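Trainee: Here you go, sequence then predicted model.
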Amino acid sequence: MKHFLLSCASAAAFGIALPAAAHVALEQGAAPAGSSYKATFKVGHGCGSSATRQLVVSMPAGVLGARPMPKPGWTVAIDRAPLPKPVSSHGRTVSEAVTRITWTARSADAALPSDQYDEFVLVAQLPAEPGPLYWPVSQVCEQGRVDWAQLPQARQKAGDLKEPAAVLEVLPAGGHSHGHRH
């Protein structure tokens with residue numbers, strides 16, 4: 001897994017496109033710790049032949065200030081919860097965090113057909129600590145659902161997982177503690 005993540009991070013750093021995978025994945029596989037990150041979740045298929053009508057992204061611990069990008073034909077719901085301990089961000093005290101963002105198609109016509117591709121986007125502040133950051137995603141279809149939430153265990157390869165969570169490799173900040181990448 002570590003070798004796979006480093007390969008993804010290296011590819012991302014050099015702007016190399018990785019082959020598309022058959023699951024919900026992040027467009028950019030690596031970002032600096034403490035930076036503002038544009039998370040683009042790529043959805044390449046539905047549940048079998050059934051269209052996607054809802055996408056639910058759960059925020060990893062330490063991710064703050066998540067804000068979704070609206071999608072025409074879809075509603076957006078944002079769930080929040082109190083933080084165990086308030087934190088300071090951009091000179092403000094933050095006492096709650098976004099825990100989940102849900103995009104729901106307003107009609108069957110707005111749902112994402114299984115044979116089409118789309119992206120769901122949010123921006124958020126990444127944690128200051130480097131390491132893998134897993135984003136569980138639930139893909140709800142007109143018939144069925146897939147919970148892309150599996151996490152690799154020790155010595156397990158990402159490719160061995162049937163329904164892996166989207167993963168972002170948070171890289172060391174490189175000498176500066178805060179940056180903006182959109």
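Mentor: Looks like it came in fine.

Trainee: Where does pLDDT dip in the chain?
Mentor: Along the chain, segments meeting pLDDT under 70 span 1-22, 175-182.

Trainee: where exactly do the helices run in it?
Mentor: For the chain, applying DSSP state H gives helices covering 2-13.

Trainee: My read is that A30 contacts L171, right?
Mentor: Yes: A30 lies in contact with L171 (Cβ atoms under 8 Å); the separation is 5.5 Å. From N, CA and C alone the C-beta is placed, and that goes for glycine too.

Trainee: Same drill for these two, tell me which one is more crowded.
Mentor: When A30 and L171 are compared for neighbours, A30 comes out ahead with 20 against 17, by other Cβ atoms under 10 Å.

Trainee: who's that one bridged to?
Mentor: With DSSP bridges as the criterion, A30 is bridged to E169.

Trainee: In this structure, which residue is most central in space?
Mentor: Geometric centre of the chain, nearest residue: W135, 4.8 Å, by Cα atoms, centre = their mean.

Trainee: Could you find the closest non-adjacent residue to that residue?
Mentor: Distance criterion Cβ to Cβ, 6 or more residues apart in numbering; nearest residue to W135, sequence neighbours excluded, is A166 at 4.3 Å.

Trainee: Next up, the contacts around the one you found.
Mentor: 23-26, 41, 134-137, 148 (Cβ atoms under 8 Å, 6 or more residues apart in numbering).

Trainee: again, 10 Å this time
Mentor: Going by Cβ atoms under 10 Å, 6 or more residues apart in numbering, A166 touches 21, 23-27, 29, 39, 41-42, 57, 60, 133-137, 148-149.

Trainee: Would you tell me which strand is longest in this protein?
Mentor: Longest strand in the chain by number of residues (criterion: DSSP state E): strand 74-89.

Trainee: mind listing what it pairs with, with the direction of each?
Mentor: Assessed with DSSP bridges, strand 74-89 is paired to strand 92-105 (antiparallel).

Trainee: now the strand it pairs with, how far from the chain's geometric center?
Mentor: Distance of strand 92-105 from the chain centroid (Cα atoms, centre = their mean, to the nearest Å) equals 13 Å.
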